[in-house]
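Engineer: Let me see the structure of the following:
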Amino acid sequence: MISVHDAGTTDEVDPRISAIPLRDNGEALVDLREIGELRVDDRLSDAAGAYAHVRKCALQIM
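Structural biologist: From the prediction side, this is the model:
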């Protein structure tokens, strides 16, 4: 299986990983650009700003 990323690169993906279903857990997304202590590289940014969004629990780990 081939996966195409927004950055325009292609990688082979292990079909066992691709078979794992993804579900939205409803946890809030946080825009890292709004966190003053962090710098976000915008070279691979997208119009929606999704490149800078992480789940709130991921931010708490940082």
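
Engineer: which outside residues touch stretch 48-62?
Structural biologist: 6, 25, 27-33, 35, 38, 40, 42, 44-45 (Cβ atoms under 8 Å, 6 or more residues apart in numbering). Glycine gets a C-beta too; all of them are placed from N, C-alpha and C.

Engineer: Now do the buried residues in it.
Structural biologist: By 16 or more other Cβ atoms under 10 Å, the buried positions in stretch 48-62 come out as 51-52.

Engineer: Tell me which two of the contacts of stretch 48-62 sit farthest apart.
Structural biologist: Across these, no pair lies farther apart than Asn25 and Asp42, at 26.9 Å, counting by Cβ to Cβ.

Engineer: So which of those two has more stuff around it?
Structural biologist: More crowded of Asn25 and Asp42, by other Cβ atoms under 10 Å: Asp42, with 11 against 7.

Engineer: That one belongs to a strand?
Structural biologist: No - counting by DSSP: H, G, I helix; E, B strand; the rest coil, Asp42 is not found in a strand; it is coil.

Engineer: Tell me the confidence at Arg43?
Structural biologist: For Arg43, the model assigns a pLDDT of 92.

Engineer: before we move on, what about Val40?
Structural biologist: For Val40, pLDDT reads 92.

Engineer: What distance do you get for it to Pro15?
Structural biologist: Val40 sits 32 Å away from Pro15, going by Cβ to Cβ, to the nearest Å.

Engineer: That's all I had, so thanks and see you.
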